[in-house]
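Undergrad: For reference, the sequence and a predicted model appear below.
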Amino acid sequence: MVTSNGTLGPLESAEQRDAVSQAMLVLLERLTPTERAVYVLREAFAYGHREIACVLDLSEANCRQLYRRAVQRIATSENRFPAAPEQQEELVTTFSGGPGG
């Protein structure tokens, strides 16, 4: 439920943090750092492949390939990398804008 000032209520806020945490864990366990960067820039921020290439100093074709691989790896149920709990917490905190989201 959204509160009167337009923010999420406690239950919804906790559910959102849990969903972000789970999504970030999947990214940590299945993608390389570069694949994660390309995927997040494309999916979360709607950057085009050309923009991503400029940000990451890669070729546009390489960004397209990294994105394609990331999508395929996320679709599988196989984890490639173990994610340490501290790393997961740090990533979720950073992505959600700091403590308290």
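TA: Okay, I see it.

Undergrad: Could you give the number of residues near Val55?
TA: When neighbours are defined as other Cβ atoms under 10 Å, Val55 has 14 of them. Glycine gets a C-beta too; all of them are placed from N, C-alpha and C.

Undergrad: oh, I was asking about Asn62
TA: Number of residues near Asn62 (other Cβ under 10 Å) recorded here: 15.

Undergrad: isn't Leu66 right up against Thr34?
TA: Yes: contact criterion Cβ atoms under 8 Å: Leu66 and Thr34 qualify, at 6.0 Å.

Undergrad: shared neighbours of the two, anything?
TA: Leu58 (Cβ atoms under 8 Å, 6 or more residues apart in numbering).

Undergrad: The two - which one has more neighbours?
TA: Ranked by neighbour count (other Cβ under 10 Å), Leu66 and Thr34 place Leu66 first, with 24 against 15.

Undergrad: List the buried residues in whichever strand or helix holds the more buried one.
TA: Using DSSP states H and E, Leu66 falls within helix 60-75. Residues 63-64, 66-67, 69-70, 73-74 are the ones in helix 60-75 that count as buried (16 or more other Cβ atoms under 10 Å).

Undergrad: helices or strands up against it?
TA: If you count contacts as 3 or more Cβ pairs under 8 Å, 6 or more residues apart in numbering; DSSP states H and E, helix 60-75 packs onto helix 10-30, helix 33-43, helix 49-56.

Undergrad: low pLDDT regions in the protein?
TA: When residues are selected by pLDDT under 70, those of the chain lie in 1-14, 16, 18-23, 79-83, 88, 91-92, 94-101.

Undergrad: do that again at 50, thanks
TA: 100-101 (pLDDT under 50).

Undergrad: Need phi/psi at Phe45.
TA: Dihedral pair for Phe45: phi -120, psi 0, per degrees, to the nearest 10.

Undergrad: which residues touch stretch 67-83?
TA: Residues contacting stretch 67-83 (Cβ under 8 Å, 6+ apart): 25-31, 35-36, 38-39, 42, 49, 52.
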